[in-house]
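Participant: sequence? don't have it. structure:
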Ligand SMILES: Nc1ncnc2c1ncn2[C@@H]1O[C@H](COP(=O)(O)OP(=O)(O)OP(=O)(O)O)[C@@H](O)[C@H]1O
């Protein structure tokens, strides 16, 4: 099965999107980024619902769009299973007919029943969309996208409106379907749990630019810059104002880096929540502002001298400190991730897509 490749540029008023992306035919590719960064726009461009200013989009050997060759396949010829945040259900059609709508050759009731069953929609088959909850509409839209025998799947927030229990079962179903079909799949989501549970690789889009792309675990553990780190849920970010002898410093204190920093220092550092520990010895000066019991571990909210907050995970077998206590936090250097300044306009290296 072929990959989906795109290298395109798009402008809408002040918004500009320029992205090169390769979506392999196996596994799930997640797209994350702050609100308004262009995730939906990128999906719409891939689907043929918006037209790039320049560039090309190819699915295997098939060219979907090429500005130079004046090729622009209409959405129905791209054979993409689409699902957008507004669901785009037909209000005058029943659930079953909505699901049947995308089927090639109107492939019969049997196939529709299968998808209604798989998405737990059997009891709503004859209802119209106005009589469904948000989560039910979302499942109808997902069923329609999956039932259309797509060659590519482009899904915008497919699980956002369902409760946690249903979300877990939809995630499993979705993984099964993608594995059965082997087709390029792009999943736009704000939910980092969706990404961790489902995605084999992730692209981080910021202000219309694909800033980082790669295997999910690699991108989560090594964010490229402070903005990517923020998108990926790294809460503990400290600005660095200088670095001497391998010690990074700021108004928050100083920490030893793994390396000398003789050739420059990172703009920020991020601190992993697992690994740092309270100590009577040397470490960052902190005040314990809050302790939250999470079941298997506790989250300590530690205030640094400049009032910056750090969230540290403490194993629950360790005694929690009292609130307001002034203490020290030992941060091993392997818990510190240097974050250079964002390299705006830098192309993603081709190796990220292999
Ligand atoms: N129909 C439109 N007309 C004008 N501007 C638009 C339109 N749709 C989106 N935009 C703008 O284009 C930019 C990208 O929007 P887009 O919907 O792609 O972002 P997003 O990353 O999907 O956001 P969200 O996470 O909030 O859904 C934003 O600045 C948005 O305000």
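Facilitator: Received the coordinates, thanks. Keep in mind that what you see is a predicted model, and the values were worked out from it rather than measured. Numbers count the residues shown, from 1 in each chain.

Participant: Quick check: the residue of the stretch 151-300 of the chain nearest the ligand.
Facilitator: residue 190 (6.2 Å; C-beta to the nearest ligand atom). To be clear about C-beta, it is placed using only N, CA and C from the backbone, and glycine gets the same treatment.

Participant: so that residue makes contact with residue 157?
Facilitator: Yes - contact criterion C-beta atoms under 8 Å: residue 190 and residue 157 qualify, at 6.9 Å.

Participant: hang on, the earlier thing: ok, the residue of the stretch 151-300 of the chain closest to the ligand to residue 160 distance?
Facilitator: Separation of residue 190 from residue 160 (C-beta to C-beta, to the nearest Å) stands at 7 Å.

Participant: Residue 92: what secondary structure?
Facilitator: Here residue 92 is recorded as coil under DSSP: H, G, I helix; E, B strand; the rest coil.

Participant: so what's it up against?
Facilitator: Residues near residue 92 by C-beta atoms under 8 Å, 6 or more residues apart in numbering: residue 128.

Participant: Please apply the same query to residue 265.
Facilitator: If a contact means C-beta under 8 Å, 6+ apart, then residue 265 has 240, 242-243, 248, 257, 338 as its contacts.

Participant: Include secondary structure, distance to the ligand and neighbour count when you put those residues into TSV, please.
Facilitator: Compiled in TSV, the contacts of residue 265 are given as follows (DSSP: H, G, I helix; E, B strand; the rest coil; distance: C-beta to the nearest ligand atom, whole Å; neighbours: other C-beta atoms under 10 Å):
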residue	secondary structure	distance to the ligand	neighbour count
240	coil	29	20
242	strand	35	11
243	strand	35	22
248	strand	32	24
257	coil	34	19
338	strand	27	18
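
Participant: what about the helices in the chain?
Facilitator: In the chain, the helices defined using DSSP state H lie at 39-47, 75-78, 95-101, 108-118, 134-147, 164-181, 192-198, 216-221, 226-231.

Participant: Turn the ones you listed into TSV, including mean pLDDT and mean neighbour count.
Facilitator: As requested, the helices of the chain are exported to TSV (pLDDT from 0 to 100; neighbours: other C-beta atoms under 10 Å):
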stretch	mean pLDDT	mean neighbour count
helix 39-47	96	22
helix 75-78	91	14
helix 95-101	90	22
helix 108-118	84	16
helix 134-147	88	23
helix 164-181	86	15
helix 192-198	93	19
helix 216-221	95	17
helix 226-231	96	22
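
Participant: pretty sure residue 240 contacts residue 250?
Facilitator: Yes - using C-beta under 8 Å, residue 240 makes contact with residue 250 at a distance of 5.6 Å.

Participant: any idea how far the helix or strand of the chain with the lowest mean pLDDT is from the chain center?
Facilitator: When each helix and strand of the chain is scored by mean pLDDT, DSSP states H and E, helix 108-118 comes last, with a mean of 84. Centroid displacement of helix 108-118 relative to its chain, using C-alpha atoms, centre = their mean, to the nearest Å, is 30 Å.
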